[in-house]
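Enquirer: Could you look at this predicted model? Sequence included:
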Amino acid sequence: MIFKTILQAIWRYFDVICFVLALIAINIGAFLILSKIIWITAGLSLALIGWLTEVAADSKGGKT
């Protein structure tokens with residue numbers, strides 16, 4: 001029963017988990033290619049996450 005509850009919670013946020021893991025992999029890959037590019041990729045990743053949270057909040061009728 002507890003495993004079913006845990007799996008349902010994970011499945012609910014599976015796309016978000018995959019998105020964050022993809023951004024982490026991109027940032028690590030960029031760092032391995034050129035160590036100074038990490039600041040650019042990290043900034044772009046944070047900007048993308050910020051923009052997507054705003055879009056999600058607007059589509060759900062969040063606070064204005």
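Expert: Done, it's in.
Enquirer: Can you pull up the most central residue in this structure?
Expert: When C-alpha atoms, centre = their mean is applied to the chain, the residue found nearest the centroid is residue 20 (3.0 Å).
Enquirer: what sits against it?
Expert: For residue 20, the contact set (C-beta atoms under 8 Å, 6 or more residues apart in numbering) comprises residue 49. Where C-beta positions appear, they are placed from N, C-alpha and C, glycine not excepted.
Enquirer: do that again at 10 Å, thanks
Expert: For residue 20, the residues meeting the contact criterion (C-beta atoms under 10 Å, 6 or more residues apart in numbering) are 13, 45, 49.
Enquirer: And for residue 40?
Expert: Counting by C-beta under 10 Å, 6+ apart, residue 40 touches 27, 30, 34.
Enquirer: Could you do residue 19 as well?
Expert: Under the criterion of C-beta under 10 Å, 6+ apart, the neighbours of residue 19 are 13, 48, 49, 52.
Enquirer: so what pLDDT did residue 43 get?
Expert: Confidence per residue is given as pLDDT, and for residue 43 that number is 90.
Enquirer: Quick check: phi and psi at it.
Expert: For residue 43, the backbone dihedrals are phi -60, psi -40 (criterion: degrees, to the nearest 10).
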